[in-house]
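K.L.:
Show me the folded form of this:
(2 chains)
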Protein chains: 2
Amino acid sequence: MEDRLVQLPFWKDLTERERETVQRSAVTRRYEKGALIHDGGSECLGLVLVLSGELRTYLLSDEGREVTLFRLYAGDLCVLSASCVISQITFDTQMTAQRDTEVLIIPANIVAMLKEQNLAVRCCLYELATARFSDVMWAMQQLLFKGLDRRLAGFLLSEAERTGSDTIRMTHEQIAQHISSAREAVARMLKQFSEEGLVELKRGAITLRDFDSLK
Amino acid sequence: MEDRLVQLPFWKDLTERERETVQRSAVTRRYEKGALIHDGGSECLGLVLVLSGELRTYLLSDEGREVTLFRLYAGDLCVLSASCVISQITFDTQMTAQRDTEVLIIPANIVAMLKEQNLAVRCCLYELATARFSDVMWAMQQLLFKGLDRRLAGFLLSEAERTGSDTIRMTHEQIAQHISSAREAVARMLKQFSEEGLVELKRGAITLRDFDSLK
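P.N.:
This next block holds a predicted model:
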């Protein structure tokens, strides 16, 4: 057990006595592929350390579509399954095992006790929550920008073909009008294309660099 | 200045020397209604304490629609405007003044220094980020469940009229099929209606309590 507990980022900050408490209370559990591990409405599981396998956290949309928020792999810690301990977390998420998965669980009441008496643990829990915040923002942006990457790539390729030039001289505003999007959205997606090496951006001009990937 | 700085939740945890540093570096700034205060792409402003007025943080959708993430009022602190200090925050947001607004700003480099040398400040920054996480999850759920409240209320009212009874005996699954939604989504929205006093839920029955609000 101890060789697993040392994976906890706050293990080094625990007192000897706190370590003993964690060792006594932590349990390992196996979930079969597809098993529901955590549901907003159900019990508050505690802090979950993934030992092997894969967990997926998602929201259910109105029509029952699952919107994946983030995935966790071996070595990752999940703090949302201990949301009852963290008063700032006021939302519910679902979590399932995507594959046969083994986890280490530190029960919620132990997490609550550590959070109260050890500032390093408290800090670590909130750092973990903040990291998940970024994951969720990424998922939200995917929702908001669904299909824009394809529409923009398609437009750039057709413009290159139409003009017979790899370099397209249009403003972001003009492109946005062509593909029914907004200037800011086009600017952001072009920046992303540029970071991926698909295009090169210069003042007033976009040069296509990787036709295969754009297609 | 000091009567404003005491509003900082970590003020009591600062050393005398740290307090002096904050006092020397903090600035107040006024923004007119509509002014852009923070843009993901631009400079990292620092920690923002709202003194008066209202700030709004949002994402831009593909079509240029603004999706409000949260609003901040007098006394609220914004940590996303200091995202450069917090490596776990990897996303960009926009922030504007919704009204004439006065803020106190602790510059990013000072926030970074405090975060490194004072665990209580570090912890507080992540707690703030986690609170904003919950705000954003709420906004995301609004996106995913857009219009479900109206569809569900409309269905309940028409059923009450059709059957001549204030009590509707249907399972969540059946209702979900009627309004093209999912059982989980209907269950969650009914729970929300119940908390708002619009309906009363009993085993297998939904009793309408507030017809005006449902309409």
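K.L.:
only C-alpha atoms for contact and neighbour calcs from this point on.
P.N.:
Noted.
K.L.:
Excluding chain neighbours, what is closest to the spatially most central residue of chain A?
P.N.:
Central residue of chain A (Cα atoms, centre = their mean): residue A:135, 2.6 Å from the mean position. Leaving aside its sequence neighbours, residue A:135 sits nearest to residue A:70 (Cα to Cα, 6 or more residues apart in numbering or on different chains; 6.0 Å).
K.L.:
Which residues are in contact with that neighbour?
P.N.:
Neighbouring residues of residue A:70 by Cα atoms under 8 Å, 6 or more residues apart in numbering or on different chains: A:56, A:57, A:58, A:132, A:135, A:136, A:139.
K.L.:
Quick check: chain neighbours aside, which residue is closest to the third one?
P.N.:
Once its chain neighbours are removed from consideration, residue A:58 has its nearest residue in residue A:68; the separation is 4.2 Å (Cα to Cα, 6+ apart).
K.L.:
Next, find the distance separating residue A:196 from residue A:161.
P.N.:
From residue A:196 across to residue A:161, the span is 22 Å (Cα to Cα, to the nearest Å).
K.L.:
Around chain B, which positions in chain A sit nearby?
P.N.:
A:60-64, A:88-91, A:119-120, A:122-124, A:126-127, A:129-131, A:133-134, A:137-138, A:140-141, A:144-146, A:148, A:180-186 (Cα under 8 Å from any Cα of the partner chain).
K.L.:
gap between residue A:10 and chain B?
P.N.:
Counting by Cα to the nearest Cα, to the nearest Å, the separation of residue A:10 from chain B is 13 Å.
K.L.:
Next, count neighbours for the residue nearest to that residue when sequence neighbours are not counted.
P.N.:
Once flanking residues are discounted, residue A:10 sits nearest to residue A:121: 5.8 Å by Cα to Cα, 6+ apart. The number of residues packed near residue A:121 is 23, by other Cα atoms under 10 Å in any protein chain shown.
K.L.:
Low-confidence stretches in chain A?
P.N.:
A:40-43, A:62-64 (pLDDT under 70).
K.L.:
ok, now with 80
P.N.:
Residues of chain A meeting the criterion pLDDT under 80: A:1-2, A:39-43, A:60-66, A:87-92, A:141-147, A:177-182, A:184-185.
K.L.:
just so I have it, where are all the strands in it?
P.N.:
A:27-31, A:36-39, A:46-52, A:54-60, A:66-73, A:77-78, A:94-97, A:101-107, A:167-168, A:199-202, A:205-208 (DSSP state E).
K.L.:
Please produce TSV containing those, extended by distance to residue B:82.
P.N.:
Converted to TSV, these look like this (distance: least, Cα to Cα, whole Å):
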stretch	distance to residue B:82
strand A:27-31	38
strand A:36-39	32
strand A:46-52	28
strand A:54-60	27
strand A:66-73	24
strand A:77-78	25
strand A:94-97	30
strand A:101-107	32
strand A:167-168	36
strand A:199-202	28
strand A:205-208	32
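K.L.:
Of these, which is nearest residue B:1?
P.N.:
strand A:77-78 (40.4 Å; Cα to Cα).
K.L.:
Relative to the closest one, what are the paired strands and their orientations?
P.N.:
strand A:46-52 (antiparallel) (DSSP bridges).
K.L.:
quick one on the thing from earlier: so which of the contacts of residue A:70 is the most crowded?
P.N.:
residue A:57 (24 neighbours).
K.L.:
beta partners of that one?
P.N.:
Going by DSSP bridges, residue A:57 forms beta bridges with residue A:70, residue A:95.
K.L.:
Pull up the gap between residue A:105 and chain B, please.
P.N.:
Residue A:105 is 22 Å from chain B, by Cα to the nearest Cα.
K.L.:
Tally up the residues packed near that residue, please.
P.N.:
Residue A:105 has 22 nearby residues by other Cα under 10 Å.
K.L.:
And for it, nearest residue in space, chain neighbours not counted?
P.N.:
residue A:48 (4.7 Å).
K.L.:
my guess is the one you found contacts residue A:104, does it?
P.N.:
Yes: using Cα atoms under 8 Å, residue A:48 makes contact with residue A:104 at a distance of 5.8 Å.
K.L.:
Settle it for me: which of those two has more neighbours?
P.N.:
residue A:48 (25 against 21).
K.L.:
picking that back up, out of the strands of chain A, the one nearest residue B:211 is which?
P.N.:
Nearest of these (Cα to Cα): strand A:54-60, 28.0 Å.
K.L.:
Just want the angle from the closest one to strand A:27-31.
P.N.:
70 degrees (axes from the mean of the first three to the mean of the last three Cα atoms, to 10 degrees).
K.L.:
quick one, strand A:54-60 and strand A:66-73 angle?
P.N.:
Going by the same axes, to 10 degrees, strand A:54-60 makes 160 degrees with strand A:66-73.
K.L.:
who's in contact with strand A:54-60?
P.N.:
Contacts to strand A:54-60, defined as Cα under 8 Å, 6+ apart, come from residues A:66-74, A:93-101, B:144, B:184-185.
K.L.:
One more pass at 7 Å, please.
P.N.:
Contact partners of strand A:54-60, identified using Cα atoms under 7 Å, 6 or more residues apart in numbering or on different chains, comprise A:66-73, A:93-99, A:101.
K.L.:
Mark out where each domain of chain A begins and ends.
P.N.:
According to automatic domain parsing, chain A comprises the domains A:2-145, A:148-214.
K.L.:
how long is the longest one end to end?
P.N.:
Between the opening and closing residues of domain A:2-145 lies a distance of 44 Å (Cα to Cα).
K.L.:
for chain A, which helix is longest?
P.N.:
helix A:119-144 (DSSP state H).
K.L.:
Tell me which residues of that one come out buried.
P.N.:
In terms of neighbour count (16 or more other Cα atoms under 10 Å in any protein chain shown), helix A:119-144 has its buried residues at A:120-141, A:143-144.
K.L.:
Much appreciated, bye for now.
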